[in-house]
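**Q** After the sequence you'll find the predicted model.
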Amino acid sequence: MRKKISTTIYVTPEQADKLKLLHERTKVPVAVYIREGIDLVLRHYAHLLPGQLTLVEEGESPRPPQVQEPLLASEPPPSLAAAGKK
C-alpha cells in the first residue's frame, strides 16, 4: 500500500449523505471514493500539468546522426581489430 498524507476537505451535506449511503451499500471507505474522484479530476486536467520534458525544443528538429566514413576493405572493423590485440 502506498503511503498517504492527511488532508482536510469540506463537502456539502448532500455530498456527505450520498458518500455515507454509498459506503453503507458497498462497504468501500469514503476516503477511497474521494481519492478516485481526485484521480478523475487529475486525469481530466492532465493537459494542464507538466509532463515529461522533451530533449528537443518544440519546432526544432534533431540533428541527424554523424555518418562515419566507410572502412577500407583492407582495414578490419574496429571491433575485430581490438579483439586481435592482447
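**A** Ah, there it is.
**Q** name the helices or strands packed onto the helix or strand hosting Asp39?
**A** According to DSSP states H and E, Asp39 maps onto helix 30-44. Judged by 3 or more Cβ pairs under 8 Å, 6 or more residues apart in numbering; DSSP states H and E, the packing partners of helix 30-44 are helix 13-26. Every residue, glycine included, has its C-beta placed from N, CA and C.
**Q** Tell me the buried residues in the helix it packs on?
**A** Residues Leu19 are the ones in helix 13-26 that count as buried (16 or more other Cβ atoms under 10 Å).
**Q** I'd like to check the angle between it and helix 30-44, please.
**A** Put simply, helix 13-26 runs at 110 degrees to helix 30-44, going by axes from the mean of the first three to the mean of the last three Cα atoms, to 10 degrees.
**Q** quick one: average pLDDT of stretch 25-44?
**A** Average pLDDT, stretch 25-44: 96.
**Q** Just the C-alphas of it, formatted as CSV.
**A** What follows is stretch 25-44 as a C-alpha-only set of coordinates in CSV (Å, rounded to 0.1, in the frame of the first residue of the first chain):
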residue,chain,number,x,y,z
ARG,A,25,-24.2,-0.1,0.4
THR,A,26,-20.8,-1.1,-0.8
LYS,A,27,-18.6,-1.2,2.4
VAL,A,28,-16.0,0.8,0.5
PRO,A,29,-14.5,3.6,2.7
VAL,A,30,-15.5,7.1,1.8
ALA,A,31,-11.8,8.0,1.5
VAL,A,32,-11.4,5.6,-1.4
TYR,A,33,-14.2,7.4,-3.3
ILE,A,34,-12.6,10.7,-2.6
ARG,A,35,-9.3,9.5,-3.9
GLU,A,36,-11.0,8.1,-7.0
GLY,A,37,-12.6,11.5,-7.6
ILE,A,38,-9.3,13.3,-7.3
ASP,A,39,-7.8,10.8,-9.8
LEU,A,40,-10.7,11.6,-12.2
VAL,A,41,-10.1,15.3,-11.9
LEU,A,42,-6.3,15.0,-12.3
ARG,A,43,-6.9,12.8,-15.4
HIS,A,44,-9.3,15.3,-16.8
